[in-house]
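Chemist: Just a sequence and a predicted model for now, questions to come.
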Amino acid sequence: MIRILQSGWFAAIAGTLAFLGTTAVLITPAELINFISHEPAIPRSANGGIAWEFFNPEVDQLIAELKQQKEAVATKEQQLNELATRLQAERAEIYQVTQSVHRLQQELDKIVVRARDEESANLKKLGKMYSTMSPEGAAAIIRQMDDDQAVKIMMFMKEGEAAPILEILARGGDLEAKRAVALTERLKRAVYRAQSP
């Protein structure tokens, strides 16, 4: 019998019986049923019902943080909607201004072309008029003009008509001779530019 008492089987059986006996004494039948069915223990209120009301400060803090984040997201969304509306209005305004500038640019181009055409016609008339004058008279008038205006008029004169005027200007002294050279140089560039495609 000592051999049986010293065996491992006997010790395992004795331990199991001691555990079951202690458990039966300490656990109520309801807790035993819950333990056997592996259901988690549900908090009970004082009257024996399920206690749904319990306080957990961490959960309350998380709920408060979620509410703050939700309000912040709603505020940001409202700001973004206002910004999108403002951007759309500004884009429409920029489009209108761009269209107005384009329209004004086209009108200005037409005016510039018309002014150039009119100036060209006037310069042709002036060139013809100076061609009919004596070279001395035409040279006296051209002395009083600035170089740009003189070159524009002389461009519409024939070579035989402009040459005597330049000759009279060159006889007026060193200063007038330098001006005649400058006018000749500018006439050469202007004629070259007019002939090039």
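Modeler: Ah, there it is. Residues are numbered from 1 along each chain as shown.
Chemist: got the phi/psi numbers for Leu87?
Modeler: Taking degrees, to the nearest 10, you get phi -60, psi -40 for the backbone angles of Leu87.
Chemist: residues near it, how many?
Modeler: 10 (other C-beta atoms under 10 Å). C-beta here means a position set from N, CA and C on the backbone, and glycine is covered the same way.
Chemist: How about Lys76?
Modeler: 10.
Chemist: all strands in this structure, in order from the N-terminus.
Modeler: Shown for the chain, no strands are assigned by DSSP state E.
Chemist: Report the residue ranges of every domain in it.
Modeler: 11-54, 58-118, 133-197 (automatic domain parsing).
Chemist: In TSV, list these along with mean pLDDT and distance to Gly127.
Modeler: Below are these laid out as TSV (pLDDT from 0 to 100; distance: least, C-beta to C-beta, whole Å):
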stretch	mean pLDDT	distance to Gly127
domain 11-54	70	107
domain 58-118	93	15
domain 133-197	83	3
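Chemist: Can you tell me which of the ones you listed is most buried?
Modeler: Highest mean neighbour count of those: domain 133-197, a mean of 15 (counted as mean count of other C-beta atoms under 10 Å).
Chemist: and of the domains of the chain, who's closest to Leu126?
Modeler: domain 133-197 (5.0 Å; C-beta to C-beta).
Chemist: so how far is that closest one off the chain centroid?
Modeler: Chain-centre distance of domain 133-197: 54 Å, with C-alpha atoms, centre = their mean, to the nearest Å.
Chemist: swap in stretch 8-18?
Modeler: Centre-to-centre, stretch 8-18 and its host chain are 83 Å apart (C-alpha atoms, centre = their mean).
Chemist: again with stretch 109-119
Modeler: With C-alpha atoms, centre = their mean, you get 37 Å for stretch 109-119.
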